[in-house]
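Trainee: need a structure here:
(chains A and B)
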Amino acid sequence: MPELRLPDRFRDLEPVAAVWALPTEAERHALRLASTIAELRGFYDQIFSRIEDMLAYLSEFAVANLTPEGHHLMHLAFALAEIAPAVELYGQPEVPDGYDSRRFLPVLGQ
Amino acid sequence: MGSNGHTNGSSNGKTQRSTWHSQYPELGTAPVPIEPYISPEFFELERDRVFKRAWLCLGREERIPHPGDFFIKDLAIGKTSVLVVRSEDGRVHAFHNACSHRSNKVEWQAKGSCAAFTCPFHGWSYRLDGRLLAVPDEKSFFNLDKAKLGLTPIAVDTWQGFIFINLNPEQKLREYLGEWADALEGYPFAANGATCYEWSTELRCNWKLLRDAFKEAYHVAFLHRRSARDSYTGRENPFSHALYFKLFPLHQRWSLPANPAYQPSPLEAIAYKYASFVLKSDFTREAPKGVNPAGAPNWVLDINAVFPNYTIDMLENGYFTYNFWPLAVDRTLWEVKVYFGQPANAAERFSQEHARVTYRDLIMEDGSTMEQTQSVLASGAKTHFNLQDEELLLRHDNKILAEYMDVANGKSKARRKGSERHARASAA
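Mentor: Okay, here's the model as predicted:
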C-alpha cells in the first residue's frame, strides 16, 4: 500500500497519522485498547491542539468529495474521537468495569 | 389507558405531591417477581405467546432501497430464518428462508441484491415475490404443482419506514401500534436516518434484563458517574427524574431532561460546533407532538418503546434503536443501531463519529450490569425486584407481558399465575 499523505498544511502530522488514521472503527478501537493511557494522552495532546484547524479544512468538503489526503485527515480526526473518552472521561483505555467491547461488534455496511 | 403524564411546566413533570404511579393505579406498587427472568418454562411461553404473535421490528426500509435488495434475519425465538426483500414493484416481502424442496435455507448471505433466489443445495430458484421460478430436472419429480411451492410468506408491513414482521398476526400493524404511533408520524425518520451504524453482541442474560436496563434513568447518577451523569443530572435533578411518562396498552413513551448547567468535555464542545446532539431550541416546535411531549426547554431525549422488544430513542439530530432478541432463557442478542442524517460535510461527519463512539462507550457501562445480574438471579437469594416510581416502565412491561401471554391461550397455568400476580400487585 502506498504511503498515505495528508493535505499540505497538515503534512507534519503524517508520522502520527501513519499509526492512528485507520479507516475503520474496529481498527481504531483495537489500537486504543492495545495502547497505554500515556500513549493515548500523547496522541490526544498532539492532535487536540490541531483539531479545530482540521475540522475547518474538513468542513469545506462533502465526504464524497474528499481527496485521498482529506480522507486520511478525516480518519485521523476519527481516531481522536475514538480515544477521547479514554482520556477525558475514563483515565484508562477501556471503559472501567464496562462490558467487553471486543464482544460488541460493528456490523458493516448496514 | 392512563392519563397524560405531563403535570406541569417545571423542569421535570412530577410535582412534589404526585407520583407517576398514582397516574396508573392499575399497576400497583408491589415488588415484581424475578421468576419470569429465570424460568425456562416461562421463556417457552414467551416464545409461543409473545414473539410468535407480536409485530417485531427488523429495522428501516432504507436497508433495502432497490428491487432485489434483501437481508436475512435469523430469528431464534421464532425458530426460523426470515428473508426480507424488495420486489420489482417496490413492495417489501418477508418469507421463511426455507426451500420448498427439502427445506434448506435458500439464501445464505446476510444481505445483498439479486434478481432471483437460488437454493445452493439443488438449485431451486424463486422470484423476488416468492413464486417458484425453476426446478432443475423438473421432469424427474412427481406431480409438482409449482404454483403452490413458492416461499412461505410471513406477514410484513411498514410504519414510517420501519419494517415489522409477524409470524401469526391477529391485527394489522397500525392497529397494533395504536395511539402510540399517532404523535410520532411526520418525524423525519428517513432524513434523520440516512446513515446507520450498527453493533451487535450476544449477552448471557435474559432478554428482559437488557430491556429493563434502558427503561429507567435512576442508574445514570451511579453507573454513568464517569460519563453521562453530568449531562443528565445536576443540582436541580440529581436522580435524573423524567419529564414525562405515557403508558399505552402495549407501548410506552418517556422523556428525559438535560442538565442545563452541563459543561461538555473539551472535544465534545468542539464537535458540537458542527452538529449538536442536544436540543436546539427551535427543533421541537417543528416536530410532531410526540417529540419532547412535555414541551420542556431542557428536553434532550425521548424513549419510544414498542412491545415487546424494540425501542426508538430520539434526540435532536438523530435517533438510536435497540432490539432485544431472546435466544434462550439466559442468552440475548442485542442489536444497536445509530441513525444520523446525511452529513453536509466531513466536519459534521466527524461530529457524528464523536457522538457515536462516545455513546458506544456509554452503553458499555450499561452492558456490564446484565451478565452480573443474571449470574446471581437464579440463586434464589432474591425473589422480587423492588422498583421505585421512576422505574414505572419496568413495572408496566412486566404487567403487559403477562397480560399478553394470558390473552393467547385461555385459562392456562401461566394465566392463573399472572392473575395471581396482578391480584397481589393490585392489593398492594
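Trainee: okay, and residue 74 sits in which element?
Mentor: The chain I'm using is chain A. Following DSSP states H and E, one finds residue A:74 within helix A:68-85.
Trainee: actually, chain B is the one I wanted.
Mentor: Counting by DSSP H and E, residue B:74 is part of strand B:69-75.
Trainee: just checking: what are the partner strands of that strand?
Mentor: Under the criterion DSSP bridges, strand B:69-75 sits next to strand B:80-86 (antiparallel), strand B:111-113 (antiparallel) in its sheet.
Trainee: the strands in chain A, which residues?
Mentor: Ranges of strands within chain A are A:105-107, based on DSSP state E.
Trainee: how about low-confidence regions in it?
Mentor: Along chain A, the model assigns pLDDT under 70 to residues A:1-2, A:109-110.
Trainee: of all residues in it, which one is nearest the centre?
Mentor: The centroid of chain A falls nearest to residue A:79 when counting by CA atoms, centre = their mean (1.0 Å).
Trainee: could you measure that residue against residue B:47, distance?
Mentor: Using CB to CB, to the nearest Å, residue A:79 is found at 44 Å from residue B:47. To be clear about C-beta, it is placed using only N, CA and C from the backbone, and glycine gets the same treatment.
Trainee: give me the pLDDT for the residue of the stretch 301-428 of chain B found nearest chain A.
Mentor: At 2.9 Å from chain A, residue B:367 is the closest residue in the stretch 301-428 of chain B, using CB to the nearest CB. Predicted confidence (pLDDT) for residue B:367: 93.
Trainee: for residue B:299, same thing?
Mentor: On pLDDT, residue B:299 comes in at 89.
Trainee: for the closest residue to it other than its chain neighbours, helix, strand, or coil?
Mentor: Leaving aside its sequence neighbours, residue B:299 sits nearest to residue B:292 (CB to CB, 6 or more residues apart in numbering or on different chains; 4.1 Å). Using DSSP: H, G, I helix; E, B strand; the rest coil, the structure places residue B:292 in coil.
Trainee: and if you look at residue B:376?
Mentor: Reduced to three states with three-state DSSP, the structure at residue B:376 is helix.
Trainee: show me the shaky parts of the stretch 301-428 of chain B.
Mentor: Applying pLDDT under 70 to the stretch 301-428 of chain B flags residues B:407-428.
Trainee: same question for the stretch 1-150 of chain B.
Mentor: Within the stretch 1-150 of chain B, the ranges that satisfy pLDDT under 70 run B:1-17.
Trainee: residue of it nearest chain A, please.
Mentor: residue B:63 (6.7 Å).
Trainee: ok now do that residue, which residues does it touch?
Mentor: Contacts of residue B:63 were listed using CB atoms under 8 Å, 6 or more residues apart in numbering or on different chains, and they are A:110, B:69, B:71, B:84, B:111, B:163, B:196.
Trainee: quick one: it from residue A:78, how far?
Mentor: 24 Å.
Trainee: kindly report the same for residue B:166.
Mentor: From residue B:166 to residue A:78 the distance is 39 Å (CB to CB).
Trainee: what of residue B:78?
Mentor: For residue B:78 relative to residue A:78 (CB to CB), the value is 38 Å.
Trainee: next: residue B:47.
Mentor: Noted for residue B:47: a distance of 41 Å to residue A:78, by CB to CB.
Trainee: which of the two has more neighbours?
Mentor: Legend: neighbour count by other CB atoms under 10 Å in any protein chain shown for residue B:47 and residue A:78, higher for residue A:78 (21 against 15).
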